[in-house]
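Peer 1: Pasted the sequence and its predicted model underneath.
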Amino acid sequence: MNLSDIKSIGILGAGVMGGGIAQCAIQAGQAVIIRDLSDEILESTKDTILNARFGFNNAVKMGKMTQDESDKAMSLLSYTTDVNDLKDCDLIIEAIGGGADGAIENKPLKLKVWEEMDGVVKPEAIFASNTSMFTIADLAAVTNRKDRFIGMHLFSPANIMKLVEVTSTEETDKAVEDLIVEMSESWGKTPIRLKDVPGDTGFIGNRIMAAVRKEAMKLIEEGVGTAEDVNTAMTLGFRWPAGPFPSGPNARSGWK
């Protein structure tokens, strides 16, 4: 199983993550078909890839890529609202967000989608979830391809951040893990190989940040220091590029 075997990548979800993942893949020369619920969402994703701060048009203006390279990459990207258009893809990456409750991710929705896709996509295709939280084995359990199911968590924005958490279950084929690691590297990323564990506790990044956020909030509640003090301590004392609290007048708004 080689990277050259991945002729077409299907991406489920054209939001911030799905669009960023698509941008990584097409820039590396891989054909992508991205699926979402409406043409309006898909058109917005195309506009973001081209015109956002880290989009191709700015890259061309800054001399980081040529117009020909941008045009070639965009020619590799297609869009659909029909899941059946993904049936011949060699790899499916799920990047579905949350629901109406405001949650970042929706596990029941992901399970429903994976079960549906298992019956649509050719049996030999690989399934990868970009989940940052849910146990990969739970998602794989609704499919008949547990040996070809893996976690591939890119950080946001996916087209900029370098880390990829590649999470394998006990049943994931080692060749599948190796392929996702190789593909991540071909995108200019740095993958790390992780072991899947039960409990929906997330992977390395989220588990450590959850502990940091909990303790940071406790410091504020105890009156030890302000949010700005915590940020200063972590940036100057530990050389973090940014503190755990958002900056500005609503510094605590993200910690409720």
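Peer 2: Here it is on my side, so go on.
Peer 1: And the strands in the stretch 101-250 of the chain?
Peer 2: Taking DSSP state E, counting those that start in this stretch as the criterion, the stretch 101-250 of the chain carries its strands at 126-129, 149-154, 163-168, 190-195.
Peer 1: Give me the spatial nearest neighbour of Asp85, chain neighbours excluded.
Peer 2: Nearest residue to Asp85 in three dimensions, chain neighbours excluded: Ile33, at 6.1 Å (C-beta to C-beta, 6 or more residues apart in numbering). Backbone N, C-alpha and C define where each C-beta goes, glycine included.
Peer 1: Tell me how many other residues crowd that neighbour.
Peer 2: A count of nearby residues for Ile33, using other C-beta atoms under 10 Å, gives 19.
Peer 1: what does the one 4 residues further on give?
Peer 2: Leu37 sits with 10 neighbouring residues when counted by other C-beta under 10 Å.
Peer 1: swap in Leu236?
Peer 2: Leu236 has 10 nearby residues by other C-beta under 10 Å.
Peer 1: How about the one 3 residues further on?
Peer 2: Here the number of neighbours of Arg239 (other C-beta under 10 Å) works out to 7.
Peer 1: Begin at 54, not 1, for the rest of this chat.
Peer 2: OK, 54 is where the count begins now, so the last one is Arg292.
Peer 1: Settle this for me: the residue nearest to Asp138 is touching Ser131, isn't it.
Peer 2: Yes. Counting by C-beta atoms under 8 Å, Ile86 touches Ser131, with 4.7 Å between them.
Peer 1: I'd guessed Gln76 sits against Leu207; true?
Peer 2: No. With contacts counted by C-beta under 8 Å, Gln76 stays clear of Leu207, the gap being 10.8 Å.
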